[in-house]
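Peer 1: Predicted model and sequence below, questions to follow.
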Amino acid sequence: MPWRAGRDFRHLYHAAHNILERSRITLHPICLIAKPLHFSPALWRPAAALQLNHSHGTATGSVQDSVDIPILPADEGKEMVSTILRWKPPSVHVDGGPPEVPPPPNILSIIDSVFESHPARLPTLADLKRSTATSELAPYLRLPQRAPALVHYLLGAKDHRSALWIIRVAVEGGYSFSPKFYGRVAETLAGLNKWKLIPGLMSFARERLGYTTTGLLNWRLQALTESRHYLSLQDALDMFTKDHVRPSRFTYHLVISMHLRNHDLHAAMASIRAMESAGFRVSSRTWAVILASHRSLGITPSARTQAMAALQTADDRTATAILNNIVQLLLDVHDMNSVVEVLSMVSQPRGDPRSAPGVDSIPEDGAVAREDLHPRPAPSHPSQVFVNVSTFNKLLTYLAQQADLERSMGILQQMQAADILPNGDTTTALMRLYFNCDLPNDALHIVADALRDFPAAILLLPRIGFSPTTPAEHPIYPRTASPTIRLFNTLIWGVLQAQDGKGLLGLKTALRMMQIANIDADATTVAILLSYLYRGESARPREMIRTVRALMSAGVAPTAQHLHVLVGAMLREERVVGHAVGWMVKSSPDRSSSPTGDQAKSDDAQYSHPTAGITFPRRLRYRALMRPIVQSLVDRGVRSDRVTFALRIKHDASVRRDLDGALASFRKMVECGMRPNEYHYGALMEGYTNAGDMRGAADLMREAADAGVRIDVKMHTILVAGYARLAQPVQALTAFRAMVALGIRPDVPAIDALVSAFFRARRLGAARRVLLKLWPQIAPISDELRQASLRELAVAFRALHGSKKVAPERLSSQEQRIMRWRLRDITGDLKVALGYRRRKGDTELRHARSVALTRAPDYTRAKTR
């Protein structure tokens, strides 16, 4: 109803407005260094960029000389893409509705007996007939509707392997399933996140039916996308031409989404033109698909304006999807001003021309026809866009990442006032919030509620710090959460980053709970583990590469996120080995040099490579060890993304000290349609400071601000550290004061960089006084430390930045053996959690050892095209 929509938007608008108003922080006076200033937040222009953590203060090399990997939230937004593409939720009704009664117990016993021994080859229909113990199954499947009902029952019990086997056996016995049946099975498998099984099912359906349909081919195409197997536009259309089937509008939407998620903007534009040539106009739903898949690239102001114009012609559900994705893209760049602006515009009636400012001056980008972008006549009644719980969840997730407990509680109050009920994503966001706010028991209360049907799993929660007798201090929304892979991935992330989460032992406990709840791990689980090994355990690249290759034997396809962590680990090690770090490094700048040999500039093909042309060091056989992982990505058509380009710029600027190469990489990324953010500008600024060009670094930071990039403390620290590297304390102090004047609170690396400038200039007394004066900005200082030496003060001060560890010293032989043993143990548990099963007689099921690395297994060997 219109009045309900208006009330919902009023609550949502007030929630966003409260976040904006209360986001203004108050700075404590910085004694003797900077005068007390009133905070006046700058209103940056909207820009689409991902929040990527990056190292700063690299010139001093004192607090953080490692390379932070800009890990994105794994597959975040993937569910939104699938929701837009498939409008109704996955159904477990396979054919003719659910059966009135479950299958007979003897039939279920036969199926259990087949799978409980983990056979290497599943029995065929002839094998079932020859055995007296299984002979009753074949006659049962020939009865009318018994086979579809049994498949439905098994899928409802999340026993997909048995369900697919029943389909094969029933077809061998003469049962003929319809294309609609195969489509519903694929829909259910998609709901269970078993996308890898769908292409094989579609091939089986085509073989048995003798033909295929547009719907079945669309399922195959979407399954390939969700499995990160990307096709070109021509290859995708050839699938339909080969079977004499005409692609639909939905087919082109799938192809557009595939290319955007693979960071190939030019191919996505070509797909839009091909869709128009096929007679399908760009619709509001097309814009919903584009926005849902565009997060990895960022959004331009013109695209945002066109998306707002699409709201005028969209139905309620499509308009809500467009709105939610615009809000998400703006939150990615911390542009709360634009979030409030968007919500205030769409809260007006659709017929109001003010709801889409600038629609009369939409720029032509050449991607779509101009007439398709202008709004069609407004509906006769002044309707409004309906919001849903996802709109609130995005705001809640944004605040959870910032550990803002107070304003998050305000969002929940606004949801309650709008009569919007929370869902599973709400509880997942609350878990992340409570972990970030050092409230792990509240987060574990949510997990315990989700596992209410699995008491054996609840009994394991105390091993990771759960206290059931201590009530939750904040909302947990009982009976809202359910055991899903997203919930368990959030749990694993929280356990690994908590100080008392038991580390890898806590991970083993979480994996055991996943087994009890019948939840399989996914590629995101592996990415979380690798990120922890990189940041928390400071594992060497060799051990991390071995872990990924061992998991490949369990069917895990390496992803771009896995590659990001591995490349970052090698980059950190190469940087530490090749360049000295610390306050004692000589102050002379490193001039750019022309690369030779393997350091030759990359061509366009190398830039689109999954590694963006980064060459792995030959030392320690890293290049050979990485070959199967990289080749797997190449075979599946995975392209480089913004994170990979950021690592490439960092590699050129900070490791190779090749400023020209870093600039070329930056330009190429922009040419590919990717919007640079603070990480890319920061990496490029490091190149200028390494070359001693401080004016160029300062000009670049101003250009970033003009481009709408939020200038944060890290970019200012790079500038301060650059002056420190040149032993110019006056200029470093000026840059530091300019940062404070903008209302940016200094952190440990920023203060450390400033102190190092005085140290390098041999003004030790001034360095000590500056450190003592700025210390209260981070934490209180004890009386004992006030009498300590400068060295002792520096060590204690850097310890306050514990979440960012300095690159560790090389592990001893004993420590390396312990690390390898722990990783083998975790790898075995992960294999089981990933659904990998061995034969019953294999005694290594619980403690699987990693595959040998003397040769690449057949399934990981590099393929030749």
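Peer 2: Nice, thanks for sending it over.
Peer 1: With the flanking residues excluded, which residue is spatially nearest to L125?
Peer 2: E172 (4.1 Å; Cβ to Cβ, 6 or more residues apart in numbering). C-betas here are computed from N, CA, C, even on glycine.
Peer 1: you'd agree the one you found is up against D127?
Peer 2: No - E172 is beyond contact range of D127, at 10.4 Å (criterion: Cβ atoms under 8 Å).
Peer 1: Sketch out the low-pLDDT regions of the stretch 201-350 of the chain for me.
Peer 2: Within the stretch 201-350 of the chain, the ranges that satisfy pLDDT under 70 run 346-350.
Peer 1: quick one, helices of it?
Peer 2: 214-226, 233-242, 249-261, 265-277, 284-293, 301-310, 316-332, 336-346 (DSSP state H, counting those that start in this stretch).
Peer 1: and the first one, what does it pack onto?
Peer 2: With contacts defined as 3 or more Cβ pairs under 8 Å, 6 or more residues apart in numbering; DSSP states H and E, helix 214-226 has these neighbours: helix 78-85, helix 179-191, helix 198-209, helix 233-242, helix 249-261.
Peer 1: one more time with 7 Å, if that's ok
Peer 2: Packing contacts for helix 214-226, counted by 3 or more Cβ pairs under 7 Å, 6 or more residues apart in numbering; DSSP states H and E, involve helix 179-191, helix 198-209, helix 233-242, helix 249-261.
Peer 1: quick check: angle from it to helix 198-209?
Peer 2: Put simply, helix 214-226 runs at 160 degrees to helix 198-209, going by axes from the mean of the first three to the mean of the last three Cα atoms, to 10 degrees.
Peer 1: what's the angle from helix 214-226 to helix 179-191?
Peer 2: Using the same axes, to 10 degrees: helix 214-226 against helix 179-191 is 20 degrees.
Peer 1: E703 versus R304, what's the distance?
Peer 2: Relative to E703, R304 is positioned 21 Å away (Cβ to Cβ, to the nearest Å).
Peer 1: How about V713?
Peer 2: Using Cβ to Cβ, V713 is found at 19 Å from E703.
Peer 1: what about these two, which has more around it?
Peer 2: Neighbour tally, V713 and E703, criterion other Cβ atoms under 10 Å: the higher count belongs to V713, 17 against 12.
Peer 1: in stretch 205-214, what's buried?
Peer 2: In terms of neighbour count (16 or more other Cβ atoms under 10 Å), stretch 205-214 has its buried residues at A205, R206, L209, T212, T213, T214.
Peer 1: Need the contact partners of that stretch.
Peer 2: With Cβ atoms under 7 Å, 6 or more residues apart in numbering as the test, stretch 205-214 has contacts from V171, P179, Y182, L216, D243, V245, R246, P247, S248.
Peer 1: Now do it: distance from first to last residue.
Peer 2: Stretch 205-214 has an end-to-end distance of 13 Å (Cα to Cα, to the nearest Å).
Peer 1: do stretch 185-199 as well
Peer 2: By Cα to Cα, one end of stretch 185-199 lies 12 Å from the other end.
Peer 1: Buried ones in that stretch, by neighbour count?
Peer 2: 185-191, 193-195, 197-199.
Peer 1: next one: that stretch to chain centre, how far?
Peer 2: 21 Å (Cα atoms, centre = their mean, to the nearest Å).
Peer 1: what is the mean pLDDT for it?
Peer 2: The average of the pLDDT scores along stretch 185-199 is 92.
Peer 1: try stretch 146-164
Peer 2: Stretch 146-164 carries an average pLDDT of 91.
Peer 1: now this protein, which segments are flagged as low pLDDT?
Peer 2: Scanning the chain for pLDDT under 70 picks out 1-101, 118, 346-385, 499-501, 577-604, 619-620, 802-816, 836-865.
Peer 1: Alpha carbons of stretch 630-641, in PDB - could you do that?
Peer 2: Listed next in PDB are the C-alpha coordinates belonging to stretch 630-641 (Å, rounded to 0.1, in the frame of the first residue of the first chain):
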ATOM      1  CA  VAL A 630      47.200 -19.800 -12.100                       C
ATOM      2  CA  GLN A 631      46.500 -22.200 -14.900                       C
ATOM      3  CA  SER A 632      43.200 -23.200 -13.300                       C
ATOM      4  CA  LEU A 633      42.100 -19.600 -13.300                       C
ATOM      5  CA  VAL A 634      43.200 -19.100 -16.900                       C
ATOM      6  CA  ASP A 635      41.400 -22.200 -18.100                       C
ATOM      7  CA  ARG A 636      38.200 -20.800 -16.500                       C
ATOM      8  CA  GLY A 637      38.500 -17.400 -18.200                       C
ATOM      9  CA  VAL A 638      39.100 -15.500 -15.000                       C
ATOM     10  CA  ARG A 639      40.500 -12.000 -15.600                       C
ATOM     11  CA  SER A 640      42.400  -9.600 -13.400                       C
ATOM     12  CA  ASP A 641      40.300  -7.400 -11.100                       C
END
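Peer 1: Mind listing residues that contact it?
Peer 2: 228-231, 262-264, 296, 557-558, 560, 563, 607-612, 860, 862-863.
Peer 1: Over to stretch 221-231?
Peer 2: Contact with stretch 221-231 is made by 85, 195-196, 198-199, 236, 239, 251, 254, 257-258, 261-262, 557, 559, 636-638, as judged by Cβ under 7 Å, 6+ apart.
Peer 1: returning to what we had before: okay, the helices of the stretch 201-350 of the chain in CSV with distance to R656 next?
Peer 2: CSV is the format used below for the helices of the stretch 201-350 of the chain (distance: least, Cβ to Cβ, whole Å):
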stretch, distance to R656
helix 214-226, 35
helix 233-242, 36
helix 249-261, 30
helix 265-277, 28
helix 284-293, 33
helix 301-310, 34
helix 316-332, 30
helix 336-346, 38
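Peer 1: and of these, who's closest to N388?
Peer 2: Between N388 and these, the tightest spacing by Cβ to Cβ is seen for helix 316-332, at 5.7 Å.
Peer 1: Many thanks, we can stop here.
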